[in-house]
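1. Quick check, what structure comes out for this input:
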Amino acid sequence: MAAKTKNRRVRRMQLNIGEMLPEHLDQVLEIEKMSFPVPWSRQSFEFEIMQNEFAHYIVAVYNQKVLGYAGLWVVLDEGHITNVAVHPDFRGNRLGFLLMTEIMRRASIKGADKITLEVRPSNEIALKLYRSLGFKELGLRKKYYSDNNEDAIIMWNENPIR
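-> Model prediction:
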């Protein structure tokens, strides 16, 4: 396992945020497996980026390395953030914030007037990020996560970035 590089700073000028493409999937899956107890499969991501007309996925790339990604569905006037993850070696560099603001901006461009997401109550870092971006806790899905039956907090932002 590579040494942690938490203090590594990614210069914003060299960071590219763009559409997730099939050639990104090996690196996306690596991040997915390190980030979630029940990771999405390659087939799930392939369907999302190649067939789901409601889906929009982005990646943050630095020196040809995918450092993080975010996904979104836009249905009518609502956006639903499906997933956000940053490679563990690059957490603490505000990449989650950059991915979230970009995915929210794209949701707005695609007609979303409000955005929702689910988050584990135990994920304090994500909760802090989402609150800083204007998301409010407006519901609870009981036993939502299949790995440990943890509830999911439903958060909404009714004033996404424009």
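
2. Could you tell me which residues within stretch 91-100 count as buried?
-> 91, 93, 95-96, 98-100 (16 or more other Cβ atoms under 10 Å). Any C-beta I mention is one placed from the backbone N, CA and C, and that applies to glycine too.

3. where exactly do the helices run in the protein?
-> Taking DSSP state H as the criterion, the chain carries its helices at 25-35, 42-50, 95-109, 124-132.

4. could the ones you listed go into CSV alongside distance to Ile115 and mean pLDDT?
-> Shown next, in CSV, are the helices of the chain (distance: least, Cβ to Cβ, whole Å; pLDDT from 0 to 100):
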stretch, distance to Ile115, mean pLDDT
helix 25-35, 20, 97
helix 42-50, 17, 97
helix 95-109, 5, 95
helix 124-132, 10, 95
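
5. from the ones you listed, which stretch is densest packed?
-> Most buried of these, by mean neighbour count (mean count of other Cβ atoms under 10 Å): helix 95-109, with a mean of 20.

6. and the angle for that helix with helix 124-132?
-> 40 degrees (axes from the mean of the first three to the mean of the last three Cα atoms, to 10 degrees).

7. which helices and strands sit right next to helix 95-109?
-> strand 16-19, strand 55-62, strand 65-75, strand 78-86, helix 124-132 (3 or more Cβ pairs under 8 Å, 6 or more residues apart in numbering; DSSP states H and E).

8. can you give me the end-to-end distance of stretch 109-120?
-> 28 Å (Cα to Cα, to the nearest Å).

9. Name the residues of it that are buried.
-> 112, 115-120.
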